[in-house]
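# The following comprises the amino acid sequence and a computationally predicted model.
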Amino acid sequence: MDARTDKAGKIERRGILFVLSSPSGAGKTTMARRLLAAEPQMAVSVSATTRAKRPGEVDGIDYHFRTEAQFARMVEAGEFLEWAHVFGNRYGTPRAAVETALRMGRDVLFDVDWQGTQQLAQSMGDDVVSIFLLPPTMAELERRLRARRTDSEEVIEGRMARAAAEISHWPEYDYVLVNEDMHDCFEQIHTIVHAERLRRQRRGAWLTEFTREMVGKQG
Ligand SMILES: Nc1ncnc2c1ncn2[C@@H]1O[C@H](COP(=O)(O)OP(=O)(O)OP(=O)(O)O)[C@@H](O)[C@H]1O
Ligand SMILES: Nc1nc2c(ncn2[C@@H]2O[C@H](COP(=O)(O)O)[C@@H](O)[C@H]2O)c(=O)[nH]1
């Protein structure tokens with residue numbers, strides 16, 4: 001028996017929803033990829049979006065790329081856990097995949113903006129752990145957006161224009177990290193994941209039973 005299952009092997013651990021947000025280009029996708037490589041049991045929420053595919057992006061892996069009409073039908077059918085307008089496009093978290101992963105006791109990683117984080121926190125409460133990434137400077141943020149070579153000048157300017165507004169939401173997050181050095185930032189995120197999993201409230205009935213049996217066996 002471990003913290004995930006009871007004596008009958010039934011899953012009793014609720015998955016944690018780890019949310020990463022930042023201004024565009026600060027490094028969420030980079031950190032998410034590293035975390036998923038280090039934590040193969042962690043599920044990732046693949047968002048749906050109406051934005052155009054970037055070079056190298058794959059439908060169903062990076063995003064579910066949808067037309068406006070398809071996205072609107074999904075909203076109408078209640079298929080999203082949350083959705084929002086970001087940079088003139090619509091982005092949303094499909095409900096079904098997240099609910100399946102959580103039911104199986106798996107943690108789920110989200111890359112969503114501040115609006116998505118607020119909506120997830122409202123619907124999923126204490127199961128949400130939110131992390132905000134800051135760039136070391138605005139100049140470095142712009143450098144990273146350009147170095148990525150995935151967006152037009154117009155898109156980059158739009159994202160830089162929105163960066164200060166995104167950053168203003170940092171106090172709403174559980175953790176705020178400066179992504180200066182990739183390795184250090186990843187280590188900090190991984191430490192948060194380990195610590196949050198060890199919270200007493202998340203260890204479930206297993207801990208109660210474990211301590212009761214231990215004390216019962218005394219003498
Ligand atoms: N600590 C770092 N130092 C230098 N470059 C970095 C660092 N972290 C990420 N980058 C680089 O910055 C660029 C932007 O990173 P990334 O795509 O992960 O950002 P993002 O926050 O996911 O952006 P978006 O919200 O637009 O999807 C990438 O080219 C990435 O390799
Ligand atoms: N509220 C939501 N925001 C989302 C979701 N998926 C991604 N995002 C955020 O959109 C911007 C832009 O992303 P990009 O891939 O076009 O650069 C970024 O801040 C993401 O965090 C979502 O499902 N809901």
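Nice, I can see it. Ligands and ions are numbered 1, 2, ... in the order given.
# in this structure, which spans are strands?
17-21, 43-44, 48-49, 64-65, 80-86, 89-94, 108-111, 128-134, 175-178 (DSSP state E).
# if I look at the spatially closest residue to residue 63 that is not a sequence neighbour, how far off is residue 120?
In this structure, residue 63 finds its nearest non-sequential neighbour in residue 49, 4.7 Å apart by CB to CB, 6 or more residues apart in numbering. Any C-beta I mention is one placed from the backbone N, CA and C, and that applies to glycine too. Here the criterion is CB to CB, to the nearest Å. By it, residue 49 lies 17 Å from residue 120.
# count of residues packed around residue 207?
13 (other CB atoms under 10 Å).
# wait, it sits on residue 200?
Yes - between residue 207 and residue 200 there is a contact under CB atoms under 8 Å: 7.0 Å.
# what sits against residue 78?
residue 95 (CB atoms under 8 Å, 6 or more residues apart in numbering).
# if I pick residue 61, what's in contact with it?
residue 46 are the contacts of residue 61 under CB under 8 Å, 6+ apart.
# Check what pLDDT it gets.
In this model, residue 61 is scored at 95, pLDDT.
# and this protein, which of its residues are near ligand 2?
Contact residues (CB under 6 Å from any ligand atom) of the chain with ligand 2: 21, 24, 28, 47, 51, 82, 84, 86-87, 91-93, 111-113, 115-116.
# From the residues you listed, keep the buried residues only.
Applying 16 or more other CB atoms under 10 Å to the residues of the chain next to ligand 2, the neighbour count classes 21, 24, 28, 47, 51, 82, 84, 86, 91-93, 111-113, 115-116 as buried.
# lowest confidence element among the helices and strands of this structure?
Lowest on mean pLDDT, DSSP states H and E among the helices and strands of the chain sits helix 204-216, with a mean of 88.
# how about that helix: buried residues?
Neighbour-count burial for helix 204-216 flags 204, 206 (criterion: 16+ other CB under 10 Å).
# then it to PDB, C-alphas only?
Listed next in PDB are the C-alpha coordinates belonging to helix 204-216 (Å, rounded to 0.1, in the frame of the first residue of the first chain):
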ATOM      1  CA  GLY A 204      -4.900  11.100   2.800                       C
ATOM      2  CA  ALA A 205      -6.300   8.300   5.000                       C
ATOM      3  CA  TRP A 206      -3.100   6.300   4.500                       C
ATOM      4  CA  LEU A 207      -1.300   8.500   7.100                       C
ATOM      5  CA  THR A 208      -4.100   8.200   9.600                       C
ATOM      6  CA  GLU A 209      -4.000   4.400   9.200                       C
ATOM      7  CA  PHE A 210      -0.200   4.200   9.300                       C
ATOM      8  CA  THR A 211       0.100   6.200  12.600                       C
ATOM      9  CA  ARG A 212      -2.900   4.300  14.100                       C
ATOM     10  CA  GLU A 213      -1.300   0.900  13.300                       C
ATOM     11  CA  MET A 214       2.100   2.100  14.600                       C
ATOM     12  CA  VAL A 215       0.700   3.300  17.900                       C
ATOM     13  CA  GLY A 216      -1.500   0.200  18.200                       C
END
